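> pasting the sequence and the predicted coordinates here, then a few questions.
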Amino acid sequence: MLARIFAGTWFIVRLANPIMFLRVVRATVSESVKREYVRVVEAYRDRDGKTRHRTVINLGRRDVLAEHLDLGKLRHLLHGDAAGDDRVAHKDIGAVGAWDWGPLLAARRMWSDLGLDTTLDQLARPDRREAVRLSDRALVLVANRLTAPASEHALAQWLESDFVCDRCGRRFIAAWRDDAERQASRTPRVRVAARQLQQWYRTLDQLLACKAQVESALFVRLRDLFSLQVDMVFYDLTSTYFEGRGPIEMGAHGHSRDGKPRNPQVLVGLVLVDGWPIAHHVFEGNRRDAKTVPDVLRDLEQRFGLKRIVFVGDRGMVTSQNLEDLRGNGHGYIVGRNRRRSGEVFDYIQSATGPWIECPVGITAREKATPPKTLVQEVVAQEPGVRVFVVHSEERLAYERAQRIKAMDRVRTRLEKLQRRIVDGRLKAAEKVGAAATRVLARNHGHRYYDWSYDDGVFRFFEHPVHFAREQAYEGKYVIQTEEPNLSAVDAVRLYKELSEVERSFANLKDVIDMRPIYHQTDERVQAHIFVAALAFLLHRAIEKKLKATRLDLSATEALRALRSVRVVDIDLGNGTTKRSVTRGTQRAASVLRALAITDLDPPNPPQPGQTVM
């Protein structure tokens, strides 16, 4: 039974069990505007027998409902008619569809705030073959990579679970092949309709064509919005591998950071300014790290117009030629030195006998019961104009010492086993003993810790008199080199530590955004795929910065997960009319929405009700 119990405010819909209420809630939008919203509320009893209420769904604004429900029973209730004739069956009202909406809502807001919609609208020429603008189609690919990363084939499944629409409110609907189409096709395992796949592939191609201009426009917008300190540029590299052959030209075997040496790969270089990714570069998989630096520097000068920067990079970027190029172009640098590739680095560490300066404790270290210290001192460099800082990290010391002890235990176990073989007479020839000892010391860096001898049939092993002492001296220490005359020792450490932000960015690209593995087989599609992942990471970073600014203790990934409770629901009102409503989500979702400054949760209304696009 449906009955009005309080004029204009409360209604009861008794739908078998439990009891449902239609509740009208008044809200002040502004000083002069007040609105009423209708909710379906369920009454239930908790464990203590107390009556509680919970919102089942938000139907929307009362005036909008009353305007569109010309024949429905609910119209009479909303206008305060008597309830005597307002009897409706349970089957007359019900939800006919529900889709996740919150994550895409957040992605749309960040996409707009960063100006990506207007940038792509200006860059992409209108194509009569395309019913939807490039910026809207590109957002679909980027949002999918941000919220449910998978291949373009799996994107169709995401379209069924999430409410995805263009700026006009027209939904993207998954298009599936029927059995006959699959059997007649050369690729029967592909279930997505060819026309929809081609749409996404064409979007990738069009997006890649705009890459350089999009990154340049993004840099200008970020610089103006957030007053970027563009004098410090952070750069680092990672690799990402392919399933299958990979692209013929760019895909190559090289040093794999993914532990996949048998898979072809490409290198991805990421450039960050003030924690914002402003550009990325894709290189051949077998290019050396240091060989990528000249291209990056030239791009920063020509495309972004940066006259002088301080280049912050890791030890793999350090070559005499790169340093000479930086000096020659008037740039500065802060780089880490490889401890084992140069004898002078060990000399610098040994010369650090002066007073240490304590560096401020980072956020992560501060949360520990006994915060580990980081100490630094400047030592005399071997080149004029060069400044060298030796850094001692207690956290790094504990980690490297534990790793060294673990490695030494493993090598010692193998050396003891070799020693028993010789004592038992199973191995006697000197050349075979030497070959076996060499194999043992080649694993777990054994040559850094142990040496051996074989005299008169007796095999002995012992700590290496030179290498072992050097390894102990290295533990917990690293060396930073720069030529910036006004940089303090503490600031040098702080800036070099910020390079870990790039490493964290790569972790997001690979694990959160799921850039890997890649199935594309052409250079252009691989670059487009990585560009989509980079844009998704940019939105991820924008969300994180918004959350941090409002001191909301959630990661961007957690925030997107919480926003899944914000859903679009279509309700059949029992008279042939369907009402679309949006659930408000959980309290965590509400906190995220406030942090992102999202107040309007309703999707755009399409030109025609129920209109969809492919």
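Received, thanks.

> which non-adjacent residue is nearest Gly254?
Asn286 (3.9 Å; C-beta to C-beta, 6 or more residues apart in numbering). From N, CA and C alone the C-beta is placed, and that goes for glycine too.

> let's verify that neighbour: helix, strand, or coil?
Of the three states, Asn286 takes coil under DSSP: H, G, I helix; E, B strand; the rest coil.

> over to the one 5 residues further on?
Here Lys291 is helix, with the state taken from three-state DSSP.

> ok, now how distant is it from Val220?
29 Å (C-beta to C-beta, to the nearest Å).

> how deep is the residue nearest to Gly254 tucked in, by neighbour count?
15 (other C-beta atoms under 10 Å).

> and if you look at Leu441?
Leu441 - counted by other C-beta under 10 Å - has 21 other residues nearby.

> what's the following helix or strand after the helix or strand hosting it?
Assignment of secondary structure by DSSP states H and E places Leu441 within helix 430-442. Using DSSP H and E, the next helix or strand after helix 430-442 towards the C-terminus is strand 450-455.

> within its sheet, name the partner strands of the helix or strand following that following strand and how each one runs.
Moving toward the C-terminus from strand 450-455, the next helix or strand (DSSP H and E) is strand 458-463. Applying DSSP bridges, strand 458-463 is found paired with strand 450-455 (antiparallel).

> let me know the outermost residue of the chain.
Ranked by distance from the centre of the chain (C-alpha atoms, centre = their mean), the top residue is Asp456, with 61.1 Å.

> quick check, pLDDT for that residue.
pLDDT for Asp456: 88.

> same deal with Arg366?
57.

> got it, and Trp200?
90.

> repeat that for Phe242.
At Phe242, pLDDT is 79.

> and the one 3 residues further on, by the same measure?
Per-residue confidence for Arg245 comes out at a pLDDT of 71.

> check Val56 too.
On the pLDDT scale, Val56 gets 68.

> likewise for Ala369?
69.

> Val466 is in contact with Arg448, correct?
No: contact criterion C-beta atoms under 8 Å: Arg448 and Val466 do not qualify, at 10.2 Å.

> where does the stretch 401-550 of the chain have low pLDDT?
501, 505-520 (pLDDT under 70).

> what about 50?
Counting by pLDDT under 50, the stretch 401-550 of the chain contains no low-confidence range.

> next one: the stretch 51-200 of the chain
68-72, 75-90.

> can you give me the strands in it?
51-61, 94-100, 171-172 (DSSP state E, counting those that start in this stretch).

> which of the residues in the longest one are buried?
Right, the one you point to is strand 51-61. Val56, Ile57, Asn58, Leu59, Gly60, Arg61 (16 or more other C-beta atoms under 10 Å).

> which residues sit against it?
Strand 51-61 is contacted from outside by 20-22, 35-46, 65, 95, 569, 571, 579-584, 602, using C-beta atoms under 8 Å, 6 or more residues apart in numbering.

> off-centre distance for it?
35 Å (C-alpha atoms, centre = their mean, to the nearest Å).

> and the angle from that strand to strand 94-100?
80 degrees (axes from the mean of the first three to the mean of the last three C-alpha atoms, to 10 degrees).

> strands paired with strand 51-61, and their directions?
Strand 51-61 has these strand partners (DSSP bridges): strand 34-45 (antiparallel).

> got the buried residues for the partner strand?
So, applying 16+ other C-beta under 10 Å, buried residues of strand 34-45: Glu36, Tyr37, Val38, Arg39, Val40, Val41, Glu42.

> so where do the helices sit in the stretch 351-500 of the chain?
Using DSSP state H, counting those that start in this stretch, the helices of the stretch 351-500 of the chain run over 363-366, 394-423, 430-442, 467-474, 489-497, 500-507.

> how far off strand 458-463 does the longest one point, in degrees?
Using the same axes, to 10 degrees, the interaxial angle of helix 394-423 with respect to strand 458-463 works out to 180 degrees.

> and helix 394-423, what other elements does it pack with?
In terms of contacts (3 or more C-beta pairs under 8 Å, 6 or more residues apart in numbering; DSSP states H and E), helix 394-423 is packed against helix 430-442, strand 450-455, strand 458-463, strand 477-482.

> and if we set it to 6 Å?
helix 430-442, strand 458-463 (3 or more C-beta pairs under 6 Å, 6 or more residues apart in numbering; DSSP states H and E).

> compare those and give me the one nearest Gly259.
Distance to Gly259, taken as C-beta to C-beta, is lowest for helix 430-442 among those, at 18.9 Å.

> more neighbours: which of Arg448 and Val466?
Arg448 (18 against 8).

> quick one: contacts for that one?
His467, Glu471 (C-beta atoms under 6 Å, 6 or more residues apart in numbering).

> do you know how far it is from Val390?
From Arg448 to Val390 the distance is 20 Å (C-beta to C-beta).

> on that earlier part again, can I get the strands of the stretch 51-200 of the chain in JSON lines with distance to Val613?
As requested, the strands of the stretch 51-200 of the chain are exported to JSON lines (distance: least, C-beta to C-beta, whole Å):
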{"stretch": "strand 51-61", "distance to Val613": "24"}
{"stretch": "strand 94-100", "distance to Val613": "16"}
{"stretch": "strand 171-172", "distance to Val613": "6"}
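
> and of those, who's closest to Arg460?
Between the strands of the stretch 51-200 of the chain, strand 94-100 lies closest to Arg460; by C-beta to C-beta that is 67.2 Å.

> what comes up buried for the closest one?
Buried residues in strand 94-100 (16+ other C-beta under 10 Å): Ala98, Trp99, Asp100.

> likewise stretch 479-487?
Counting neighbours by 16+ other C-beta under 10 Å, stretch 479-487 gives Val479, Ile480, Gln481, Thr482, Glu483, Leu487 as buried.

> count of residues packed around the nearest residue to the second one once chain neighbours are set aside?
It stands for Ile480. Leaving aside its chain neighbours, Ile480 sits nearest to Phe389 (4.5 Å; criterion: C-beta to C-beta, 6+ apart). Using other C-beta under 10 Å, Phe389 has 25 neighbouring residues.

> show me what Phe389 is bridged to.
Glu378, Ile480.

> just checking, it touches Leu375?
No: between Phe389 and Leu375 there is no contact under C-beta atoms under 6 Å: 10.6 Å.

> of the buried residues of strand 34-45, closest to Gln419?
Glu42 (75.6 Å).

> how near is that closest one to Leu539?
36 Å.

> now swap in Thr147 and tell me
In terms of C-beta to C-beta, Thr147 sits 10 Å off from Leu539.

> could you do Gly259 as well?
28 Å.

> so which strand or helix has Gln206?
helix 194-209.

> tell me the buried residues in the helix or strand following that helix?
Downstream of helix 194-209, the next assigned helix or strand under DSSP H and E is helix 211-226. Neighbour-count burial for helix 211-226, counted by 16+ other C-beta under 10 Å, picks out Lys211, Val214, Glu215, Ser216, Ala217, Leu218, Phe219, Arg221, Leu222, Arg223.

> also stretch 573-581?
Quick answer for stretch 573-581 (16+ other C-beta under 10 Å): Leu573, Gly574, Asn575, Thr577, Lys579, Arg580, Ser581.
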